[in-house]
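In: from the sequence below, what's the structure:
(one chain, ligands or ions: 1)
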Amino acid sequence: MSANRNSEKFRYRFSGVYQPSRTCQDRPRVHIQALPCERKPNIPVTETRRAASLENWREKYQRQSQGRSRANPGSEYPYEYIQTLWHKPKQPNYQTGVNYANFGPQSCCNVQHGSHLPPEYYRRKSTSALLRKRASTAATNNKQAMSDWSHHSQNEWGQQFPISVMGTRQSPIDIRASDATKEERPPFKLELIEGDGSAEWTLTNNGHTFVAAPPQGVKWQLSGGVLEGTYVLGSFHSHWGHAKGYGCEHLLDGQKFDGETHFVFQLTPDIPTVEDKFVAYGIMMQESGQTNPKAQQFIETLGGNLDKIIESGSSTKIPGLDLTPIAEANKGKEYFAYKGSLTTPPFAEAVLHVVFTEPLEVASSVFGSLRNLTDSEGKKCTINYRAIQPLLGRKIHHCVA
Ligand SMILES: [Zn+2]
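Out: Presented below is the predicted three-dimensional model:
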């Protein structure tokens, strides 16, 4: 009797299929699927048995979901419960039948996402291409896998980085003012606390974007606002698209911008109780005839050196950048803040995102230089932003800097 039960238990493997709702702000719906288990290849899987077993599991989840729907309205199964299932057997195993191919943005190519990313970036690869990719991914080690990713195949990120589809605080999101809570906070303070402000910075093409980093010993510190500690600038980078109208990561009430720059600060000194180890201080960019005069020198220094790092992996030295005008330009401006993640691998959920609502005008020529950078395959970086992720009930702060 019990032996029978056990063999029944191992006969099928269950897989969640991620299907975000139309708006991607609600909890994703999860459907349970039975797949034949490879551990018992000799047991014939008949359609009747498969369907019966699937039905048993459905009933079980529905029982579990009773009385637990408060945080998960409208969903068939309790999200938290499904998540525990996901976390158990889902160390990525590219050789198994676990159907990761259904995870990711291409499975939610609906009105909002379709407009956020050009549709061609959601095109599903053929099954054989997916299998080839899986085999090659399995053969690489973790370090190689970290560099072997592209914004062009976001639908495959879940295979390499399960947190990107299983996480609970992924970024970016569509920030809706109606979901946010207005709060009074002290202004942000962005200041040079250590080192020579004129010392040369390093500008690098990392195959996905440019990265501008101050030299060691030059510490730009961010504090105040919604922050629980003090953060020191590590570097900054931008996201952009193939044409005007595409490029930002976050949306503001569905509105898109032409790009988004992230100044990434790290909690320094570390405070163990603070879970947001990084702050992404985000500024939207708007492609226009001229750069905002307040940020002109900053952007011209940057933009004027981009043609020296066209090739992936190349880097150059640039004059020290002064962040004061950027901070000044944001004084008294509205921003949103929420608990999110890195928007690129490894998608660590340790980033507090600050998103200013007013875009900064940046000259078209600078956008031209950005789009001229090439990736590790020698192709132009014409898209390097991630599709929006579900909010999952997170709190959004709405403040003035
Ligand atoms: Zn970024």
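In: only C-alpha atoms for contact and neighbour calcs from this point on.
Out: Noted.
In: and the helices in this protein?
Out: With helices called from DSSP state H, the chain shows them at 2-9, 47-65, 79-87, 111-116, 127-139, 142-147, 157-160, 163-166, 296-303, 324-330, 364-372.
In: please enumerate the strands of the stretch 201-350 of the chain.
Out: Defined through DSSP state E, counting those that start in this stretch, the strands belonging to the stretch 201-350 of the chain, from first to last, are 201-205, 210-213, 219-224, 231-240, 251-252, 259-267, 278-288, 315-318, 334-340.
In: okay, these in TSV with distance to Thr301 and mean pLDDT next?
Out: TSV is the format used below for the strands of the stretch 201-350 of the chain (distance: least, Cα to Cα, whole Å; pLDDT from 0 to 100):
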stretch	distance to Thr301	mean pLDDT
strand 201-205	11	97
strand 210-213	11	97
strand 219-224	18	97
strand 231-240	14	97
strand 251-252	28	96
strand 259-267	15	97
strand 278-288	17	97
strand 315-318	7	97
strand 334-340	26	97
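In: what about stretch 229-249, start to end distance?
Out: Counting by Cα to Cα, to the nearest Å, the length from the leading to the trailing residue of stretch 229-249 is 25 Å.
In: could I get the strands of the stretch 201-350 of the chain as a markdown table with distance to Glu300?
Out: Written out in a markdown table, the entries for those read as follows (distance: least, Cα to Cα, whole Å):
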| stretch | distance to Glu300 |
| --- | --- |
| strand 201-205 | 13 |
| strand 210-213 | 13 |
| strand 219-224 | 20 |
| strand 231-240 | 15 |
| strand 251-252 | 26 |
| strand 259-267 | 15 |
| strand 278-288 | 14 |
| strand 315-318 | 11 |
| strand 334-340 | 25 |
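In: nearest to Ala180, out of those strands?
Out: The closest of the strands of the stretch 201-350 of the chain to Ala180 is strand 334-340. By Cα to Cα, the value is 7.8 Å.
In: partner strands of the closest one and their direction?
Out: For strand 334-340, the paired strands and their directions (DSSP bridges) are strand 351-356 (antiparallel), strand 396-400 (antiparallel).
In: make JSON lines from the strands of the stretch 201-350 of the chain and add distance to Tyr385 and mean neighbour count to it.
Out: What follows is the strands of the stretch 201-350 of the chain, written out as JSON lines (distance: least, Cα to Cα, whole Å; neighbours: other Cα atoms under 10 Å):
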{"stretch": "strand 201-205", "distance to Tyr385": "16", "mean neighbour count": "22"}
{"stretch": "strand 210-213", "distance to Tyr385": "13", "mean neighbour count": "22"}
{"stretch": "strand 219-224", "distance to Tyr385": "25", "mean neighbour count": "20"}
{"stretch": "strand 231-240", "distance to Tyr385": "5", "mean neighbour count": "22"}
{"stretch": "strand 251-252", "distance to Tyr385": "12", "mean neighbour count": "18"}
{"stretch": "strand 259-267", "distance to Tyr385": "9", "mean neighbour count": "22"}
{"stretch": "strand 278-288", "distance to Tyr385": "12", "mean neighbour count": "24"}
{"stretch": "strand 315-318", "distance to Tyr385": "22", "mean neighbour count": "18"}
{"stretch": "strand 334-340", "distance to Tyr385": "15", "mean neighbour count": "22"}
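In: sorry, back to before: worst mean pLDDT among the helices of the chain?
Out: Among the helices of the chain, helix 111-116 carries the lowest mean pLDDT, at a mean of 33.
In: please save the CA atoms from stretch 328-340 in CSV.
Out: This file holds the C-alpha atoms of stretch 328-340, laid out as CSV (Å, rounded to 0.1, in the frame of the first residue of the first chain):
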residue,chain,number,x,y,z
GLU,A,328,21.1,70.1,-7.7
ALA,A,329,18.9,69.4,-10.7
ASN,A,330,16.9,66.9,-8.6
LYS,A,331,16.4,69.2,-5.6
GLY,A,332,12.7,69.6,-4.8
LYS,A,333,11.8,67.0,-7.4
GLU,A,334,9.4,64.1,-6.9
TYR,A,335,10.6,60.6,-6.8
PHE,A,336,9.4,57.1,-6.1
ALA,A,337,11.3,54.5,-4.0
TYR,A,338,10.6,50.8,-3.6
LYS,A,339,12.4,47.5,-2.7
GLY,A,340,13.6,45.9,-5.9
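In: what sits up against that stretch?
Out: With contact meaning Cα atoms under 8 Å, 6 or more residues apart in numbering, stretch 328-340 is reached by 169-172, 175, 180, 187, 226, 276, 294-295, 349-358, 394-401.
In: can you flag the buried ones in those residues?
Out: Buried residues within the contacts of stretch 328-340, counting neighbours by 16 or more other Cα atoms under 10 Å: 169-172, 175, 180, 187, 226, 276, 295, 349-357, 396-401.
In: partner residues bridging the residue lying closest to Cys248 once chain neighbours are set aside?
Out: Of all residues not flanking Cys248 in the chain, Gly259 sits nearest, at 4.2 Å (Cα to Cα, 6 or more residues apart in numbering). Beta-bridge partners recorded for Gly259 (DSSP bridges): Trp240, Met285.
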